[in-house]
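**Q** coordinates only, no sequence provided:
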């Protein structure tokens, strides 16, 4: 499968690399969400990067909800 790839200019990763390597958490979570078919079809038809826009919409909803449920003075530099 990789016979046609020239790996000669890529250094091997030795024990020192793996001794200091750190595992990172994924920045995105891949999962399934149930969305009404008409909503899904509209986004798919009208928005090229619909997944990104849906994430932005949900993030905005979260921020709005957090702002409304925050204690009075929270986030305003009031101690």
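**A** Thanks, I have it. Predicted model, so just to flag it, every value in this text is computed and none were measured. Numbering: from 1, shown residues only.

**Q** gap between residue 34 and residue 40?
**A** Distance, residue 34 to residue 40, by C-beta to C-beta, to the nearest Å: 10 Å. From N, CA and C alone the C-beta is placed, and that goes for glycine too.

**Q** who's more crowded, these two?
**A** The residue with more neighbours, out of residue 34 and residue 40, is residue 40; 14 against 5, by other C-beta atoms under 10 Å.

**Q** chain center to the helix ranked longest in the chain: distance?
**A** Ranked by residue count under DSSP state H, the longest helix found in the chain is helix 50-69. Relative to the mean C-alpha coordinate of its chain, helix 50-69 is positioned 13 Å out (C-alpha atoms, centre = their mean, to the nearest Å).

**Q** against which helices or strands is that helix packed?
**A** Secondary-structure packing of helix 50-69 (3 or more C-beta pairs under 8 Å, 6 or more residues apart in numbering; DSSP states H and E): helix 37-46.

**Q** contacts only, for the residue nearest the centre of the chain.
**A** Centroid-nearest residue in the chain, with C-alpha atoms, centre = their mean: residue 28, separated by 3.1 Å. Counting by C-beta atoms under 8 Å, 6 or more residues apart in numbering, residue 28 makes contact with nothing.

**Q** assign it to helix, strand or coil.
**A** Three-state assignment for residue 28 (DSSP: H, G, I helix; E, B strand; the rest coil): coil.

**Q** give me the pLDDT for it.
**A** We have a pLDDT of 82 for residue 28.

**Q** again with residue 72
**A** We have a pLDDT of 66 for residue 72.

**Q** circling back: tell me the angle the longest helix of the chain makes with helix 37-46.
**A** Taking axes from the mean of the first three to the mean of the last three C-alpha atoms, to 10 degrees, helix 50-69 and helix 37-46 form an angle of 120 degrees between their directions.

**Q** do you know how far residue 57 is from residue 8?
**A** According to C-beta to C-beta, residue 57 stands 47 Å off from residue 8.
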